[in-house]
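Q: Kindly generate the corresponding structure for this input.
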Amino acid sequence: MECLDIPVDHRLMSFIRGIKIPNYTRKSTHLEILQRWGAFSRYGKAPIPSAQLHHALELAKPATKGGVLVVLLEPYRKQTFGRGFTADQQDCPTTRAVCDLIETATGGRMSADDVSIFDTTPYCPDGTTDEDVLREARIEFRKMVEAKQPDVVICCHQNKSDQFVKLISSLGVGKVFLNPYLLLGGEFTTKRVNAFHPSYAVNYHPTYSCFRRLLLVEFVQAFWYCSGGQSLGESSVKKLRVDCRSRAQALCAQTAPINQSKIEEPASSCTAEENRWENILSDLEEKLQGLGLFNEDITVDAVVDSELSWLCADASLLLDELEKKFIKGNGKNLTECIKAADTLLDYLAGWCQSQHLLIKKPGIEASNRRGFFEPRDLLNVPAPPEDSPTRELHAHFSAFLNDLNFSFSWERYPNYTWDTMAQRNAFKRFAANLERSFARENNSLEEIMQALDI
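A: Numbering: from 1, shown residues only. This next block holds a predicted model:
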């Protein structure tokens, strides 16, 4: 499984499988409240277009009480409404991310059609400056929440404009509510899950997989609460929250503060720290050497603790961003892409030589230009014994090297070309294969514990 273009952490799988999907039947009037507000409100002097009215109503469905409510800040001012609801929903990075998070967190048993999504200022896109309109919009938002009576609220916005909105506002990346319970409207109690705006992960800092992982954790937490579960107190979850909080603080120190009113806008200046690619490959080299390049007997726990899969996920996301820069095609971007390819090839050379692969000889025929090293040598690399826990991981590593090798092609010796997307896919595949192996190991342990009634 994957979510937001990275693998799903294997430690979440048992929770995802255990989530129960209640049947909600009590009618809510929040759609009527939203419809009346949309018909009444004006953006500028013009009435809100019917397609835009329809879009917000579809996001706010179903018209039932209870369940999970996702709260976002405001509509994206550049959102279009001309291709039908599903296409328009996918055109917005935030709602596309929310759709992916809901489906993954529930194991595909629920979609955004089953979960209400509200903006704190409905029909007032970012950039709206009329304080009277914004105040009225927040009043209508409160009415909608009180009518919906959600069991759980996922707080994906930061807005301290009034007391009610503040109560269900995000505390910031990696934090948790000390008391998640909240009495709303004097009539019902809901549980809050602290999250953050999805655009922070997919637009502002798209090369850091930790933020995407944490978003999924919080969505799983919300549905786990709805299933009668408690807080996800696993040490890995606590560590992830701490790591994300530290990373967010470090990134904030490097860049200008993020303007919540423009959080939908991708910001290339906020995407990565200086020398990030070199740092990723250096860390990857250190971890692979620490794991003996999978040529020695190691435990699965050692590989999990190394967080190798998440470093590879970071690499795949960064390569994706590099490809986008390459497509734009200015000189600075091209230089950055060439440098990234050269650096990767240097590391690949060391990994391949550790597996006794040889560089191709010059003068190769045109039909055999793909691959910087002789790919046939990979087939002859000795594998660990059949009963070794490292054998499967070694096979994944060999496939990773093979994928990276074929991402380079000879042109005319000593010149070569490279395929950034093939390199991205190599890291992405390696990360996914590692998490799948960890998940299988977890399943085996769970079966043993059940058999022993532990």
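Q: hang on, residue 430 in a helix?
A: Yes. With DSSP: H, G, I helix; E, B strand; the rest coil as the criterion, residue 430 is located in a helix.
Q: isn't it right next to residue 395, touching?
A: No. In this structure, residue 430 is not within contact of residue 395 by C-beta atoms under 8 Å, at 11.1 Å. C-beta: built from backbone N, CA, C; applies to glycine.
Q: Compare those two (neighbour count), which wins?
A: Shown here are residue 430 and residue 395; by other C-beta atoms under 10 Å, residue 430 has more neighbours (25 against 15).
Q: Run through the residues that contact that one.
A: Residues touching residue 430, when contacts are defined by C-beta atoms under 8 Å, 6 or more residues apart in numbering, comprise 309, 312, 396, 397, 399, 400, 403.
Q: And the third one, how close does it get to residue 427?
A: What that stands for is residue 396. Summarising the geometry, the distance separating residue 396 from residue 427, computed by C-beta to C-beta, to the nearest Å, is 12 Å.
Q: which of the two has more neighbours?
A: The residue with the greater number of neighbours, taking residue 396 and residue 427 and applying other C-beta under 10 Å, is residue 427; the counts read 26 against 20.
Q: Contacts only, for the more buried one.
A: If you count contacts by C-beta under 8 Å, 6+ apart, then residue 427 has 312, 313, 315, 316, 319, 400 around it.
Q: out of these, who has the most neighbours?
A: Scoring those on neighbours with other C-beta under 10 Å, the highest-scoring entry is residue 313 at 29 neighbours.
Q: hey, what's residue 373 bridged with?
A: When bridges are called by DSSP bridges, residue 373 pairs up with residue 359.
Q: thought it was touching residue 352?
A: Yes. Counting by C-beta under 8 Å, a contact exists between residue 373 and residue 352, whose distance comes to 4.8 Å.
Q: joint contacts of these two?
A: Where contact means C-beta under 8 Å, 6+ apart, the residues bridging residue 373 and residue 352 through contact with each are residue 405.
Q: Wait, residue 317 touches residue 207, no?
A: Yes. Using C-beta under 8 Å, residue 317 is in contact with residue 207, at 4.6 Å.
Q: the more surrounded of those two?
A: Ranked by neighbour count (other C-beta under 10 Å), residue 317 and residue 207 place residue 317 first, with 26 against 21.
Q: which residues does the more buried one contact?
A: Under the contact definition (C-beta under 8 Å, 6+ apart), the residues listed for residue 317 are 5, 6, 206, 207, 208, 209.
Q: Most widely separated two among those?
A: In terms of C-beta to C-beta, these reach their longest pairwise distance at 5 and 208, which sit 12.3 Å apart.
Q: quick one: which of the two has more around it?
A: residue 208 (26 against 17).
Q: Now do the more buried one, the pLDDT please.
A: Looking at residue 208, its pLDDT is 95.
Q: quick one: it and residue 237, what's the gap?
A: As for residue 208, its distance to residue 237 is 17 Å (criterion: C-beta to C-beta).
Q: And residue 157, by the same measure?
A: From residue 157 across to residue 237, the span is 22 Å (C-beta to C-beta).
Q: cool, residue 436 as well?
A: From residue 436 over to residue 237 (counting by C-beta to C-beta), the distance is 20 Å.
Q: quick one, which of those two is more surrounded?
A: Under the criterion of other C-beta under 10 Å, the comparison of residue 436 against residue 237 puts residue 237 first, with 22 against 18.
Q: The more buried one is in what secondary structure piece?
A: helix 235-254 (DSSP states H and E).
Q: pLDDT on that helix, on average?
A: Averaged across helix 235-254, pLDDT comes to 88.
Q: Next, the buried residues of that helix.
A: By 16 or more other C-beta atoms under 10 Å, the buried positions in helix 235-254 come out as 236, 237, 240, 241, 243, 244, 247, 248, 251.
Q: cool, and stretch 318-329?
A: Within stretch 318-329, the residues scored as buried using 16+ other C-beta under 10 Å are 318, 319, 320, 321, 322, 325, 326.
Q: Over to stretch 122-137?
A: Across stretch 122-137, burial judged by 16+ other C-beta under 10 Å covers 122, 123, 124, 125, 126, 128, 133, 134, 136, 137.
Q: Straight-line length of it, end to end?
A: Counting by C-alpha to C-alpha, to the nearest Å, you get 6 Å between the two ends of stretch 122-137.
Q: now do stretch 122-132
A: Taking C-alpha to C-alpha as the criterion, the two ends of stretch 122-132 lie 14 Å apart.
Q: What of stretch 173-181?
A: 19 Å.
Q: and if you look at stretch 6-22?
A: For stretch 6-22, the separation between the terminal residues is 28 Å (C-alpha to C-alpha).
Q: Fine by me, thanks again.
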